[in-house]
Every structure is written in structure tokens, then in C-alpha cells.
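**Q** Provided below are the primary sequence and the corresponding predicted coordinates.
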Amino acid sequence: MENQTISPRQFMFIVILFTIGSSILIVPTPMAALAKQDAWLSVILSVMAGLLLVFLYNKIGESAKGKTFIQASTYAFGAWFGRLFSVFYLIFIYILAALVLRNIGDFMTTQIIPETPLQFTHILFLLVVIAGAYLGVQVIGRSAEIFIPWLILLLLFMVLSITPQISIDNLKPVLGNGILPVVKTSNIVIGTPFLEMVTLLMIFPYVKESKKTSHAWLLGALMGGGVLLLITLLCLLVLGPDLTALNAYPTYKVGEKINIAGFLEGLEIIIAIIWMITIFFKLIVLYYASSVGIAQFLKLKDHRPLLLPLGMGMVVLSIIAYPDVAYFETFVGETWMSYALTHGLILPLILWAGLAIKNKKSNNT
Amino acid sequence: MNISVYKWFARATVILTCLFLLTGCWNSKELDELGIAVATGIDKNDDGDYVVVVQVINPSEIATDAPTNRPPVSTYSITGKTIFEAFKKLSAKSPRKIYFSQMRLVVLGEKLTQEGIMPTLDFLYRDHEYRASFYVTVARDAPVDKLLSIVTPYEKIPANKIMNSIDNVQLNWGVTKGITIDKLIADIRSPGISPVLAGIYIIGNEDEGNNMSNVENVDAPTKLEIDHLVAFKDDKSVGWLNEEQSQGLNYATGDVKSTIVTHPCDDKGTLTVEILRTTSGIKANTKNSNPSATISIEAEGNVAEVDCEVDLGAPDAIHKINKEVEKQIEDLVQSTIKVSQEEFESDILGIGGAFHRDEPKYWKSVEGDWDQQYKNVEISVDAKVKVRRKGNSTQPIDKKG
């Protein structure tokens, strides 16, 4: 259906943007609330665990031999059971996309345009995403290539201009509460974004030179994880663990603290731009994956007719997904991990086993 | 042919849609519809209601070559059950919607600081319109509405005058501190340190100061001046530090950039050293089972003013000056420690934070009632001063020649 391809390099950029995505926005607060000044150690732990997950996803992608997750599950489990299996995966991606959309909407309405109704922010943001998904994976890959230098420049600028405000004392005492809170807290970053990366199995087959794909995925996850570590460290070093936990969007507050020689102030919008870029790519990957997935599920030749109706559904779902921010925080803290674990670890493991058996059978005959 | 018309039409539609969607905001407000607030004063009246005073700039007076005799700022004063209610009631008095993102200063009334400032800070920190870059100060012996209505000489906007003065005093004398709201909240919430805030007070007659005639004098009769620091315990003020104690606090926290130290010479007269940079660190330890802390301060300076007979050419003399200045600084810091332990019982120096960093196990056991424990901590001060240069003159300039 799709004969577009992307290069491993572009795939790596997509992985980086996907990793940073909404995590940069919602991760530092709960991390600092639970692990205090050791939150950055938790990020390191989660990145290590995340790399293991990516390793697993790579194995699945390789044994699927050019099939997407949906195609591979019908191949491995047959038309009926395979479809049932895919339904869970598709619903997971679709709900995740709606939540990511709500993340950016909540941020915009809290910090920048409080009087604009949420759904208009969502509709406008989604229109661009739909345009991207319409044009296909090749365009997504190329635009990732275009935006990556900007992302790096903005991040560099932010880090350099905030260094005068850093206080190393904020990280002390290291491991003052023991190692246990650090380990417990690491599940936050494992859940967002690493378990969500199972979505990328829908894009995996479109990468040419499939040998380099797994390498690109690992490298991208490592670099994205590095950025998350950097952001968490900056929040802790500049604001301290207490204020990081207290702020809904601590990275934004870090941006507010930038003050270069008294005249370069109010640069928090740089942070907002970083978020916009990264969340846009995360959302576009999720949206593309769910529309292509549904098209393959229904055996449609083209995913494009699905884009608009799916978008309408997503705007509604993103509004009704949770009634208020407090509900969302509880959801992320208590429910999300097990939900993501089911779909990001158990489903792929079953698929992997199914593929292994099927591949062995077809080799024998 | 038909296809190209269709394409042209599609392009025009996209461009037009973008024009409409990208150029405006949902609720755009032009600059001439906004009143730009530069300072906010918050206090409580005797009924327990909040009194909110907002200082708004008059753009026509600030950005013009031909100023009239109208004042550069106006103040509005409102009361309300909550702070936000008061702000919303502002619209009854102000012709424009008040815009707070450019705010430089918050002045808290003394009554409010005695009752607790956390509810006020919660509002200021929660609302998205406030940037966290303004200074929080306390009005000393003056109602906030009077204080924010003083017309200041030289600097047209009183809020700017206060903020610049705080910066100047901090940079050149070291007896006050500009505290931003996030630092304040973090200090209140942290058990290991208690906050301090800068004070402001009025010199002269407060009722005359709000008239433009105040600044028509070369020496304005009513002025705003930056006072020393006020110490807090949790979110309630517990007392004012004097000049020495304020300076001592700044030495201990490493916030002195530049200041002077004057000490008497052997026989008569004084010698003044200008301090150019200081750094400080606090080390805590629990050896011998009684908690103690050491504040170490390093300072560098120049000989600035010599009013006595001393041979500045001798290395011994410089060494002696170093020792004298060290003792002066140690005494200053000790006076701060004394007042914080005995009178305020509030850890304004952040000794608890040092225990948290250096002795996390001990800290866990005392964190709960640190205010009580703090009184018994033995704190020593160790200053190292290096006087490097002595200015243009090699020796004291005296009459003998």
C-alpha cells in the first residue's frame, strides 16, 4: 500500500523527537516529587531499561520481515485471532494519541492562551498533523530532518544561557533517601516514552536498509533519553527538587529564569517551541501509525480516507479522556504504567513468540 | 484547464484560511487596552479582608518628549475577601484591564507578614500572568497604599526605582537582598532554611509624597529607602535584622558582591577596606555526637581609605589588615547567628540545608523539629581575607610629606 521509504538517519531523528515528545513536559514533576534530588538517577535507570525494550522491539521488527505490527499479527495468528490481537494495539495507540494531544492543549491553555477553548487548540494542532499523515512517512522523515538542527540549537541555547543560575548544592545529598525511591521512580520514564515506542513498529518496515534500522533505533532512544536526563538535571539544578515537584511545567519555569545581562529575558517561549516541535512529531507518528494500522486492519488500499474521521474522533476523545488535570495526574501515576506494560511489553512478547513459531514452520516446509 | 482552475482555487483557499487563522488570537488585546502594572501591594485590613494596591504606569507620561504635569504612575486600591476577588474588582476602578506580566515588585504589608504570606504567594505563583522575576519586599512602618503612591525623583516609575535600589544596595553594600518569589516559596517550604525579605520604608511625610510637587524639589522631601532584612519563620515574619546582621547574613550565604569593612587603627583613626568579591560555604558535621557547623568565607579586597598612620609598604601591615578584616567579618556573621538562634529561633542562614547535604542520616532524625534543634547547633565562622592592592597611593597621604 505504501511504497514510501525513509532512511535510517531520518528514522533515528523520528525516534529522538518521539522520545522527547510529551515526556519533556510531564515527566520532571512526578519524578522530582517521588525521587527528590535523585530524579536524574532515575532517568538514567529508565533509559537503560528503555534500551532493553528497544532491543526487544528491534528483534520483533526483524523477525516480522518487512511487515508492520498489524500485518505481522495477522500473519502469525491468522485472520481472526490476529485481528483480535491488533484491536488492542490499535486502541492503545489511538488513546495515547488523544492523550498526547490533550497534553499540548492543557499546556497551551494553562500557560499561554488561557481564555481560548481547549478544542480549538486541539483542532488547529490536529489539522497540521493530519496534513503530515496525509503526505506520508517520507515527508514525516524529511521534516524531522529539517527540525532536528533547530531543536539542537534551541536546547543548546537554553542550556548555555541558564548555566549561571545552576546550583550544584541542589543535587545533594546524592542517594540521601537510599536507592529504593530511585528505582521505583524510574517506571515513570519507562512508561512515557519507552513503552510507547512500540508504536514505531508501524514505521519500522518503511526504513530502507533494514540492517541499520535497529542501530538507528537504539541510538535515537539513547540520544532522546540523554535530552530527558539533561532537562531533568536542569530543572533540579535551577529550581531545586521542591519547586520542580511543585510546578506543573517546571521546564517552562526554568525558561522564565533565563536572564542574560538584564536585557535578554522572558525566553520561556523557547521551551514552548521545543515542546511544540517534539510533541508534533510524537503526535504525527502516533496518528500515522493508528490510521495506517486501521487501514491494514480493514484491508483498505489507502489510509488517507480515514484521516479526517479519525481526527474528529480524536478531538472528542481528547476532551472527554479526562475531566480535569488532577484526574490525569492520578491516571498517569497509577494506571498508565500497567496499561502501557500490557501493550508495550506483553503484547509484543506474544507477537514475538508467535512470529518465531511461524517463521520456524515456514522454514521447515 | 479545469484542473488548473481547481488548483488555483485550492491554493487561494489555503492561503486565505491561513491568513485568518494565523494572524489573530482568540482574545487579542491591544496595548492601548491594557494598563501595565509595575508593582502590587498586598496587606490585610482590620476586618481580615485583603487590601490590594496596584501601581499602573501612565504610558503617555513615560513615553513622551513633552510630559505634562500628570504623575507617571497611578495607583488603585481595592479590598476583597480573597486576593483574586480584589483583582477582579479592580475593573470597577481602572479604565483598562490590568496586565501583570511586566510587574517588577510586590510589597507586602506588615500585618500580612505577621499573619502568614503563603496564601498570597500561592496566588502570585499559580496565576499564569505573573513571571517569577519580580522581587518580594515588605513595607516597614507604612501602609502599602501610601508607600506605592510616593512619587520618586530621578526614576519616574517608583517600582523601578525600588527594584534598582535593591540591586544597587545588594551589589555595592550588601545589606539587603532581592528575593524572587520562587526562591521565597522554596525557602519557606524547605525545613532547612528560613527566608528573609528586603524592607522598604518612607522617609518624610507620607501624605506629601504622593503629590507631583514632591519631585519638584532638588532634594525631594519624601523618599523611598531600602531597609534591612526582615526574618521569617515558616511564612510569618519574626523580626527585623539590623544593618550588621543583614550584612552578616549576606556574608554567610555568599551574597556579598562588594562592600566596605572599616576598622580602627592602633592609635587613632580608621582604615577602610573595600571588599570586591566573596564566596562562602557551610559545612556541617556531627562528630562527637553534638551537631556543629562551620561557615567559611573567602573575601578579596583593596585598601580604600586610610585615615591613620600605618606603613602600608610593610608586608606585615597588610597581613595585619587581613586579620583585622577577618575578625570584623566573623563578628558580623556571629551577630547574625546570635540573633537568629536566640531571638528569632529561625534558621535564616540555611544551616539545616548544610546538614541535609553533609549528614543526611542525622538530618532525617531532626528534620521534624529543626527549629528547636537549631538553637543548640554550635556554629563557627572562619573568614579568609586577602587584601591585594592599595589603590593609587602607596602610603597614607598625610600633611608631613
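**A** Received it, and whenever you're ready, just let me know what you need.

**Q** wait, what's in contact with whichever residue of the stretch 251-365 of chain A sits closest to chain B?
**A** Going by Cβ to the nearest Cβ, chain B is nearest to A:Glu256 of the stretch 251-365 of chain A, at 5.4 Å. Heads up, the C-betas are built off the backbone N, CA and C, glycines and all. A:Glu256 makes contacts with A:266, A:268, B:131-133, as judged by Cβ atoms under 8 Å, 6 or more residues apart in numbering or on different chains.

**Q** can you put those residues in TSV and add pLDDT?
**A** As requested, the contacts of A:Glu256 are arranged in TSV below (pLDDT from 0 to 100):
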residue	pLDDT
A:Gly266	72
A:Glu268	82
B:Arg131	77
B:Ala132	75
B:Ser133	78
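
**Q** which one of those residues is nearest B:Gly352?
**A** For the contacts of A:Glu256, the residue nearest B:Gly352 by Cβ to Cβ is B:Ala132; the value is 24.0 Å.

**Q** mind listing what B:Leu121 touches?
**A** Contacts of B:Leu121 were listed using Cβ under 8 Å, 6+ apart, and they are B:136, B:181, B:184-185, B:188, B:235.

**Q** picking up where we left off before, ok so the residue of the stretch 251-365 of chain A closest to chain B is a helix residue?
**A** Yes: remark: A:Glu256 belongs to a helix, assigned using DSSP: H, G, I helix; E, B strand; the rest coil.

**Q** can you pull the pLDDT of it?
**A** The model reports A:Glu256 with a pLDDT of 83.

**Q** returning to that earlier point: near chain A, from the contacts of B:Leu121?
**A** B:Ile185 (Cβ under 8 Å from any Cβ of the partner chain).

**Q** Just give me the neighbour total for residue 44.
**A** All of this is about chain A. For A:Ile44, the neighbour count with other Cβ atoms under 10 Å in any protein chain shown is 17.

**Q** try again with chain B
**A** 19.

**Q** Which single one of the contacts of A:Glu256 is nearest to A:Pro305?
**A** Distance to A:Pro305 across the contacts of A:Glu256 (Cβ to Cβ) is lowest for A:Glu268, with 40.6 Å.

**Q** ok, back up a step: out of the contacts of A:Glu256, who's nearest A:Pro181?
**A** B:Ala132 (27.7 Å).

**Q** helix/strand/coil for that closest one?
**A** State at B:Ala132, reduced to three classes by three-state DSSP: coil.

**Q** Give me the nearest residue to B:Gly109, chain neighbours excluded.
**A** B:Asp43 (2.6 Å; Cβ to Cβ, 6 or more residues apart in numbering or on different chains).

**Q** what's the distance between the one you found and chain A?
**A** Separation of B:Asp43 from chain A (Cβ to the nearest Cβ, to the nearest Å): 25 Å.

**Q** Backbone dihedrals for that residue, both of them.
**A** Phi and psi for B:Asp43, reported as degrees, to the nearest 10, are phi -150, psi 180.

**Q** Now for it: which residues touch it?
**A** Taking Cβ under 8 Å, 6+ apart, we find B:Asp43 in contact with B:50-51, B:53, B:108-112, B:139, B:143-144.

**Q** residues from the stretch 1-150 of chain A in reach of chain B?
**A** A:110-117, A:120, A:124.

**Q** Tell me where the model's unsure across the chain.
**A** Chain wasn't specified; assuming chain A. A:1-2, A:365 (pLDDT under 70).

**Q** wait, chain B
**A** Ranges of chain B meeting pLDDT under 70: B:1-2, B:23-26, B:64, B:66-67, B:399-401.

**Q** can you give me the strands for it?
**A** B:34-44, B:50-57, B:73-80, B:97-99, B:105-108, B:135-139, B:196-203, B:223-233, B:236-240, B:259-264, B:270-285, B:292-306, B:378-389 (DSSP state E).

**Q** got the ones you listed as CSV, with distance to A:Leu283 columns?
**A** Output for those, formatted as CSV (distance: least, Cβ to Cβ, whole Å):
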stretch, distance to A:Leu283
strand B:34-44, 34
strand B:50-57, 41
strand B:73-80, 42
strand B:97-99, 32
strand B:105-108, 39
strand B:135-139, 39
strand B:196-203, 44
strand B:223-233, 45
strand B:236-240, 47
strand B:259-264, 54
strand B:270-285, 47
strand B:292-306, 52
strand B:378-389, 55
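
**Q** Drop anything exposed from the contacts of A:Glu256.
**A** When those are checked for burial by 16 or more other Cβ atoms under 10 Å in any protein chain shown, the buried set is A:268, B:131-133.

**Q** Which neighbouring elements make contact with the top helix by length along chain A?
**A** Assignment by DSSP state H gives helix A:210-246 as the longest helix of chain A. Using 3 or more Cβ pairs under 8 Å, 6 or more residues apart in numbering or on different chains; DSSP states H and E as the contact test, the elements touching helix A:210-246 are helix A:8-20, helix A:23-26, helix A:28-35, helix A:39-63, helix A:137-162, helix A:250-257, helix B:181-189.

**Q** Which parts of the helix or strand following the longest one count as buried, going by neighbours?
**A** In this case it means helix A:137-162. Next in sequence after helix A:137-162, counting helices and strands by DSSP states H and E, comes helix A:180-185. Within helix A:180-185, the residues that qualify as buried are A:181-182, A:185, counting by 16+ other Cβ under 10 Å.

**Q** Chain B against chain A: which residues are in contact?
**A** Residues of chain B lying near chain A (Cβ under 8 Å from any Cβ): B:21, B:25-27, B:128, B:131-133, B:182, B:185-186, B:189-190, B:353, B:356-358, B:360, B:363.

**Q** Just the buried subset of those residues, written out for PyMOL, thanks.
**A** Here is the PyMOL selection string for the buried members of these, based on 16+ other Cβ under 10 Å:
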select buried, chain B and resi 131+132+133+182+185+186+189+190+353+356+357+358+360+363
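
**Q** State which helix of chain B is the longest.
**A** Assignment by DSSP H; longest helix in chain B turns out to be helix B:315-338.

**Q** got the angle for it vs strand B:378-389?
**A** 150 degrees (axes from the mean of the first three to the mean of the last three Cα atoms, to 10 degrees).

**Q** Residues contacting helix B:315-338, please?
**A** B:241, B:244-249, B:251-252, B:261-263, B:271, B:273, B:275, B:295, B:297, B:299, B:301, B:303, B:310-312, B:348-349, B:379, B:381-387, B:390.

**Q** just stretch A:7-16 next, same as before
**A** Under the criterion Cβ under 8 Å, 6+ apart, residues A:6, A:140-142, A:144-145, A:148, A:197, A:200, A:203, A:207-209, A:212-213, A:215-217, A:219-221, A:223-224, A:227, A:281, A:285 lie in contact with stretch A:7-16.
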